[in-house]
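Novice: Sequence and predicted structure are below.
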Amino acid sequence: MTKNQQLKELSELKRILIIGGGGRENSIAWALSKNKSIEQIYVCPGNGGTNSYSKCFRIKPKSANQDSIIFECQRLKIDLVIIGPEDPLAQGLANRLREKGFTVFGPGKEGAQLEASKDWAKTLMLENNIPTANYWASNSQEEALNILNSVGQPLVVKADGLAAGKGVTVCETIEQSKDAIKEAFSGKFGSASNKVILEEKIEGPEVSIFALCDGEKLIVLPPAQDHKRLLDGDNGPNTGGMGAYAPAPLINQKDLQDLTELILLPTLKGLKKKGIKYIGVIYAGLMLTSSGPKVIEFNCRFGDPECQALMPLMGDELASVIFACARGELEKAPKLSFKNHCSACIVVASKGYPKTLQTGDKININIESNSLLQVFHAGTARDKFDNIITSGGRVLSVVTQGESFEDAFNLAYKSLEKINFEGMQFRKDIGYQVREIID
Ligand code: AMP
Ligand code: GLY
């Protein structure tokens, strides 16, 4: 096939449906909308900001079940479905859509176990010599306490299943590990903690790497740095992520190549050995320990808010690349280019997040987005007067780019002064690793 034929096939992509309603999904929609041949991008269920991006439309089917989504794909003649969050992936939405003949970016239920079962992911890592912390899996409290006792040191306690990012307790003492085991088996995380993973505690800076996979091949995106804790200084409770930046300078181009060989390619190969054609994102959360990099978690989708920081760095070819992945034909895609910018993302959360949320507050946003500044909505809705109001925990992501991280973060924090709502909270020290913070 000639290059022109290949490009023609990829230009058949006109209508995209993105599943999800967070900042991640809006940032993907915004990035894909820059591709001139794309006509419409639907985001389901989207949020209060979705319709404000060019060519993007929010759709809210009567029900969020798989049949309603299939119905919408048929009605809207969707060429490509991108599934943002882990839950629908783990529930097999990609399998159902593929059975109906749709082209989907996102793994099926089998591949989504990379995130949906830590035991499954750990086994895959062991089978394929992928470096990770030592671990023990247990189905009962008694067994877990016995393991803890025989190991004789504090262990990290993790619910095996999906627990909305809250299933991990990093313990300083054996007593804390005991309490975390009891808590997990008492049903704190529902059926996610019917099985519990006990893990050796490892140390080192953390960084996330991402690959777009077509089942056989992959391409690697710039690394990103998340900030999981609610408060400045990495204090307070764990959250979905309060800010991010990319490319994370902790990893240079050579390191990224090494990590691809050491972690990403063996993961894709390991999945293939199990008969899984993994199409979608492999997200590896890494800890760079004194004895080398180790995987602390895999996710089967883009990170949120890492995705918001990454999307403005992507060349306009992104839509063709994702479409080619979804068709299992990455070799036909144009080369994905990355902008030579530093990208910063600060998450603004509602009062009470991550515990009891206050929602329904009117949000004032007095900034215009431009080529170096984006405001991606997440937990927002429109009231009957079309005011934008808070409707979830993480409300907005303010994303900026600059020649340096200093420039990008200065612009982000300056822009934040023009956003306000009752009880809004955000960290003042996002990117402390790459900029100077003056009090
Ligand atoms: P996760 O939800 O798996 O991303 O874990 C949340 C956080 O717990 C990670 O970002 C790490 O900071 C920490 N963590 C997870 N596993 C370990 C481990 N084995 N040793 C030390 N810290 C860990
Ligand atoms: N920001 C972490 C995640 O998306 O899991």
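Specialist: Here it is on my side, so go on. Ligands and ions are numbered 1, 2, ... in the order given.

Novice: Show me the strands in the stretch 151-300 of the chain, by range?
Specialist: 155-159, 168-169, 196-200, 206-214, 218-220, 225-226, 229-231, 235-238, 243-246, 279-289, 292-299 (DSSP state E, counting those that start in this stretch).

Novice: any chance of the ones you listed in a markdown table, plus mean pLDDT and mean neighbour count?
Specialist: Bear in mind the C-beta positions are built from the backbone N, C-alpha and C, glycine included. A markdown table is the format used below for the strands of the stretch 151-300 of the chain (pLDDT from 0 to 100; neighbours: other CB atoms under 10 Å):
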| stretch | mean pLDDT | mean neighbour count |
| --- | --- | --- |
| strand 155-159 | 93 | 26 |
| strand 168-169 | 87 | 18 |
| strand 196-200 | 94 | 22 |
| strand 206-214 | 96 | 23 |
| strand 218-220 | 97 | 19 |
| strand 225-226 | 96 | 24 |
| strand 229-231 | 95 | 16 |
| strand 235-238 | 90 | 13 |
| strand 243-246 | 98 | 28 |
| strand 279-289 | 97 | 22 |
| strand 292-299 | 97 | 20 |
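
Novice: ok, the residue positioned nearest the centre of the chain - contacts?
Specialist: Centre of the chain computed as the mean C-alpha position; nearest residue by CA atoms, centre = their mean is residue 303, 1.5 Å away. Residue 303 is in contact with 24, 208, 210, 224, 226, 241, 244, 283, counting by CB atoms under 8 Å, 6 or more residues apart in numbering.

Novice: At the contact with ligand 2, which residues of the stretch 301-439 of the chain appear?
Specialist: Counting by CB under 6 Å from any ligand atom, the stretch 301-439 of the chain comes close to ligand 2 at 303-304, 306.

Novice: cutoff 5 Å now
Specialist: Within reach of ligand 2 by CB under 5 Å from any ligand atom, the stretch 301-439 of the chain has these residues: 303-304.

Novice: Show me what residue of the stretch 301-439 of the chain gets nearest to ligand 2.
Specialist: Closest residue of the stretch 301-439 of the chain to ligand 2, CB to the nearest ligand atom: residue 303 (3.5 Å).

Novice: one step back: roughly how far does the residue nearest to the centre of the chain sit from ligand 1?
Specialist: 10 Å (CB to the nearest ligand atom, to the nearest Å).

Novice: what about the strand or helix carrying residue 25, distance to the chain center?
Specialist: Here residue 25, judged by DSSP states H and E, is contained in helix 23-32. Relative to the chain's own centre, helix 23-32 is displaced by 12 Å; criterion: CA atoms, centre = their mean, to the nearest Å.

Novice: What's the first helix or strand after it?
Specialist: Per DSSP H and E, the first helix or strand lying C-terminal to helix 23-32 is strand 40-45.
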